[in-house]
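In: Whatever this is, show me its structure:
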Amino acid sequence: MKNSTPLAFLLMACSFIVNAQDEGAIVKRERIDRSKGIFIGLGPSFTLGKNIGDYSTGLSIEAGFLKRVNRVLSVGPSVSYINFSYDPAKTKAEKASDLYTGVAGNLNTWHERYDQYGLPSNYQWDYGFLLNLEGGDISLLSLAVNLKLNFIPITDGTKFSVYGFAKPFITSANRKAVSGKGERYVYEAYEDKTTEILYYTTGDDTWYADGDIDDWGPSDVYPALKEESKITGGIFVGPGVEFMPAGKISIFAQAAFGYTFPVSYVSTESYEKTVASYTNAEFPIVNKGFSSVSIQFGVSFNF
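Out: The predicted structure is shown next:
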């Protein structure tokens, strides 16, 4: 996500406040019977943008309080929780070209594996790793300030309202530890386990499992894979619709587009499919801005 994204969100928030001020002093004095409300909303969340993690659909839930400043602007605090689970299907290799590949001579342990066959020191063949990961789930527990702008001024008789909102927030972001298994594959070379003879193919586009499966996960060598928590911030903006906004009970639906300042998450697509990536101490973790969209449905109890 480009650096201009959070700036655009902030500009939208400012425009909400400016438009709300246009209501004027007379409107502010008009009485609305129910000017306060407690609300709760929930719904699915989705990552948004290119290379934003190997995650499935998440869950979003929010609860808060709003007070009408006038017939247009409402303000108040809220607490929200968003969770995204790591999805192996996003990482799983479906064909040979999806393997993390390289040249055997680049990795000493692999070169020694076949050195017993007396191969020339300059002989090279392609090989790769296929990963099966676990962990890496992300959760965001946030405290926000809600700025809600009704595009049509609210009265006691209003049946339907369209609004926009901005929610700058601070959040406790947590990513679970990442671990798994790494299985090695060889291309254009395989070993006959009976005769212990190494055979070479001539480009049959087949990958042969070496038979070695290595544990792969958090350790002193790969500290980036350990669980990580941090305090950061961001903003949600979006549109919404509300039915019976001045009634004792109102219902709403909204889309919240969120940007969280850099956090730690799993994103294999952010790395090239090479052994250099596989052996990178940070792989498959990135620390970048995290973008998402949440579709929320909720109810407000007004008084």
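
In: Neighbouring strands of the helix or strand hosting Ile61 in the sheet, and parallel or not?
Out: Using DSSP states H and E, Ile61 sits in strand 58-68. Strand 58-68 has the following sheet partners, assigned by DSSP bridges: strand 36-47 (antiparallel), strand 73-84 (antiparallel).

In: To Phe297, which of those strands lies closest?
Out: Phe297 lies closest, by Cβ to Cβ, to one member of the strands paired with strand 58-68: strand 36-47, at 5.4 Å. C-beta: built from backbone N, CA, C; applies to glycine.

In: who touches that closest one?
Out: Outside strand 36-47, the residues that touch it by Cβ atoms under 8 Å, 6 or more residues apart in numbering are 53, 55, 57-68, 78, 82-84, 250, 252, 254, 290-303.

In: just how off-centre is stretch 268-275 within its chain?
Out: Chain-centre distance of stretch 268-275: 18 Å, with Cα atoms, centre = their mean, to the nearest Å.

In: Straight-line length of that stretch, end to end?
Out: End-to-end span of stretch 268-275 (Cα to Cα, to the nearest Å): 13 Å.

In: swap in stretch 44-52?
Out: Note: stretch 44-52 ends 16 Å apart using Cα to Cα.

In: and the closest residue to Tyr271 other than its chain neighbours, what helix or strand is that in?
Out: Once flanking residues are discounted, Tyr271 sits nearest to Ser277: 4.0 Å by Cβ to Cβ, 6 or more residues apart in numbering. Ser277 is part of helix 275-278, with elements assigned from DSSP H and E.

In: mind listing what's buried in that helix?
Out: Along helix 275-278, these residues count as buried under the neighbour rule (16 or more other Cβ atoms under 10 Å): Val275, Ser277, Tyr278.

In: Let me have the residues you listed in a markdown table, extended by pLDDT.
Out: Formatted as a markdown table, those follow (pLDDT from 0 to 100):
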| residue | pLDDT |
| --- | --- |
| Val275 | 70 |
| Ser277 | 81 |
| Tyr278 | 78 |
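
In: Among these, which one sits closest to Lys226?
Out: Among the buried residues of helix 275-278, Tyr278 lies closest to Lys226 (Cβ to Cβ), at 18.2 Å.

In: For that closest one, give me its contacts.
Out: Taking Cβ under 8 Å, 6+ apart, we find Tyr278 in contact with Tyr100, Gly102, Phe129, Leu131, Gly182.

In: Which of those residues has the largest number of neighbours?
Out: Tyr100 (24 neighbours; other Cβ atoms under 10 Å).

In: For the stretch 51-200 of the chain, which residues score under the pLDDT cut-off?
Out: For the stretch 51-200 of the chain, applying pLDDT under 70 flags the ranges 93-97, 102-127, 186-200.

In: Gly157 - that's part of a helix, no?
Out: No: membership of Gly157 in a helix is not supported by DSSP: H, G, I helix; E, B strand; the rest coil, which gives coil.

In: how about the nearest residue to it, chain neighbours excluded?
Out: Closest residue to Gly157 apart from its sequence neighbours, by Cβ to Cβ, 6+ apart: Ala246 at 7.3 Å.

In: OK, contacts around the one you found?
Out: Ile32, Asp33, Arg34, Ile154, Thr155, Asp156, Gly157, Thr158, Asn302.

In: Pretty sure Ile249 is one of the things the last one touches, is it not?
Out: So the one you mean is Asn302. Yes: in this structure, Asn302 is within contact of Ile249 by Cβ atoms under 8 Å, at 7.1 Å.

In: quick one, which of the two is more surrounded?
Out: Using other Cβ under 10 Å, the more surrounded residue of Asn302 and Ile249 is Asn302, with 20 against 11.
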